[in-house]
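K.L.:
take a look and give me a structure for this.
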Amino acid sequence: MTQARSHDVVGALRDFVDRIDAFDPEARTVGALEIRDGDDEVRLTLRAPVARALVEALRGYHDPRDRGTCDHCGGRRLDDNFLCLDCRRPNGLFGQLVMERAARHSESRGA
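P.N.:
Take a look at the predicted model:
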């Protein structure tokens with residue numbers, strides 16, 4: 001994942017606002033978004049359709065690294081193998097299968 005620079009963020013937000021605002025430039029203003037890019041401060045007016053679209057876009061975004069929450073500790077950092085990086089336990093059905101196999105393996109070694 002590439003790291004966004006502040007001017008990339010400002011440009012993307014400005015483009016988003018302009019793109020949505022073009023459909024209803026007379027809509028009611030509901031607020032403003034102020035962003036600092038180095039020494040420059042950018043103020044973007046948010047009309048109702050833009051604010052609604054921004055909320056939907058932000059809420060609809062799913063980070064590809066998000067694999068849910070850990071069943072054991074509630075942490076949100078599961079790796080590619082569904083191992084919790086916080087409590088170090090395997091999670092979900094995979095975790096249950098690993099734990100059962102490990103228990104059977106240690107039982108057979110002790111017998």
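
K.L.:
strands along this protein, start to end?
P.N.:
For the chain, strands defined by DSSP state E occupy the ranges 29-37, 40-47.

K.L.:
for the longest one, packing partners?
P.N.:
Pointing back at strand 29-37 there. helix 6-21, strand 40-47, helix 48-60 (3 or more C-beta pairs under 8 Å, 6 or more residues apart in numbering; DSSP states H and E). Every residue, glycine included, has its C-beta placed from N, CA and C.

K.L.:
next: the last one.
P.N.:
Strand 40-47 makes packing contacts with helix 6-21, strand 29-37 when contacts are defined by 3+ C-beta pairs under 8 Å, 6+ apart.

K.L.:
one more time with 10 Å, if that's ok
P.N.:
On a contact count with 3 or more C-beta pairs under 10 Å, 6 or more residues apart in numbering; DSSP states H and E, strand 40-47 meets helix 6-21, strand 29-37, helix 48-60.

K.L.:
need the ones you listed in CSV (columns: mean pLDDT).
P.N.:
Shown next, in CSV, are those (pLDDT from 0 to 100):
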stretch, mean pLDDT
helix 6-21, 90
strand 29-37, 92
helix 48-60, 97
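
K.L.:
which of the strands of the chain has the highest mean neighbour count?
P.N.:
Scoring the strands of the chain by mean neighbour count under mean count of other C-beta atoms under 10 Å gives strand 40-47 as the most buried, with a mean of 14.

K.L.:
adjacent strands (with direction) for that strand?
P.N.:
strand 29-37 (antiparallel) (DSSP bridges).

K.L.:
just the residues contacting the strand it pairs with, thanks.
P.N.:
The contact list for strand 29-37, computed with C-beta atoms under 10 Å, 6 or more residues apart in numbering, reads 5-11, 13-14, 17, 41-52, 54.
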